[in-house]
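Trainee: Sharing a sequence plus its predicted fold:
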Amino acid sequence: MINLPNYIKESVVLSDQDKEVLAHVSRLPTEIEVDEIRSFSFIQELMNAFIGDETTRDTHLQLKAKEYLAIDDVDMAWKILLLD
């Protein structure tokens, strides 16, 4: 179990259940693993759509991570949440 970063703890997008699932991983993805998803077209679209509006971008990244949590892909959800 890991300690969640504040931006996840304080998220209004992610449910308590989502947060619990995220907290119960044995390890977080590495920076290299996170960087590998930057080339995915849907990630590029999300990152580019909200240039200059970090709050909205973060909300949309959390919504995308929530989609992956719904299909039990916790690793991909973490990768999305760790993008900066």
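Mentor: Cool, the structure landed.

Trainee: What strand or helix carries Ser11?
Mentor: Here Ser11 sits in a region with no helix or strand, counting by DSSP states H and E.

Trainee: Quick check on it: phi, psi?
Mentor: Per-residue torsions, Ser11: phi -60, psi 140 (degrees, to the nearest 10).

Trainee: right, and it touches Gln62 too?
Mentor: Yes: Ser11 lies in contact with Gln62 (C-beta atoms under 8 Å); the separation is 5.7 Å. (Each C-beta comes from the backbone N, C-alpha and C, glycine too.)

Trainee: got a list of what Ala23 touches?
Mentor: Shown in contact with Ala23 (C-beta atoms under 8 Å, 6 or more residues apart in numbering): Met1, Ile2, Asn3, Leu4.

Trainee: Let me know the closest of those to Leu28.
Mentor: For the contacts of Ala23, the residue nearest Leu28 by C-beta to C-beta is Ile2; the value is 6.7 Å.

Trainee: Can you give me every residue that contacts that closest one?
Mentor: Ala23, Val25, Leu28.

Trainee: With Val34 instead?
Mentor: So Val34 contacts Lys79, Leu82, Leu83 (C-beta under 8 Å, 6+ apart).

Trainee: What strand or helix carries the spatially closest residue to Pro29 that is not a sequence neighbour?
Mentor: Among residues not flanking Pro29 along the chain, Lys79 sits closest, at 4.9 Å (C-beta to C-beta, 6 or more residues apart in numbering). Element membership of Lys79, judged by DSSP H and E, is helix 74-81.

Trainee: Please consider this matter closed, and thank you.
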